[in-house]
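Engineer: sequence and predicted structure are below.
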Amino acid sequence: MGTITMQVLQLVLKMWELLQIIFFYAGYSLDIFKKSKIVSVKTVPPSDPF
C-alpha cells in the first residue's frame, strides 16, 4: 500500500513540475505577444480609423 501511494505522489510531483513549466512558457509567450501587440499598435499612424 505504501509503495503505491509513493508512486502516486511521485507522479503528482512530476505532473506539477510539468504544469509549472507549461505555465511558465505560456506566460512568457503571452508576455511577448502583449509586447509585440503594443509595438504594432504604436507603429499604426494616428490617421488610421481603427
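Structural biologist: Happy to help now that I have it. Remember, predicted model here, so these are calculated numbers, not experimental data.
Engineer: and residue 12, what element?
Structural biologist: Here residue 12 sits within helix 2-43, counting by DSSP states H and E.
Engineer: any low-confidence regions in the protein?
Structural biologist: Applying pLDDT under 70 to the chain picks out residues 1, 38-50.
Engineer: go with 90
Structural biologist: Within the chain, the segments meeting pLDDT under 90 span 1-3, 25-50.
Engineer: tell me the centre residue of it?
Structural biologist: A centroid search over the chain (CA atoms, centre = their mean) returns residue 26, at 1.7 Å, as the residue closest to the centre.
Engineer: how much space between that residue and residue 13?
Structural biologist: Distance, residue 26 to residue 13, using CB to CB, to the nearest Å: 20 Å. In short, each C-beta sits where N, CA and C put it, glycine included.
Engineer: gap between residue 27 and residue 35?
Structural biologist: 13 Å.
Engineer: overlap in contacts, those two.
Structural biologist: Here residue 27 and residue 35 share no contacting residue, scored by CB atoms under 8 Å, 6 or more residues apart in numbering.
Engineer: returning to that earlier point: how distant is the helix holding residue 12 from the center of its chain?
Structural biologist: Distance of helix 2-43 from the chain centroid (CA atoms, centre = their mean, to the nearest Å) equals 4 Å.
Engineer: okay, stretch 11-28 in CSV with CA atoms only?
Structural biologist: Only the C-alpha atoms of stretch 11-28 are listed here, as CSV (Å, rounded to 0.1, in the frame of the first residue of the first chain):
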residue,chain,number,x,y,z
LEU,A,11,3.5,11.1,-10.4
VAL,A,12,1.7,14.1,-9.0
LEU,A,13,5.0,15.8,-8.4
LYS,A,14,6.1,15.2,-12.0
MET,A,15,2.8,16.4,-13.3
TRP,A,16,3.1,19.5,-11.1
GLU,A,17,6.6,20.3,-12.4
LEU,A,18,5.3,19.8,-16.0
LEU,A,19,2.4,22.2,-15.3
GLN,A,20,4.7,24.8,-13.8
ILE,A,21,6.9,24.6,-16.9
ILE,A,22,3.9,24.8,-19.3
PHE,A,23,2.5,27.8,-17.3
PHE,A,24,5.9,29.5,-17.3
TYR,A,25,6.3,29.2,-21.1
ALA,A,26,2.7,30.1,-21.7
GLY,A,27,3.1,33.2,-19.6
TYR,A,28,6.4,34.0,-21.3
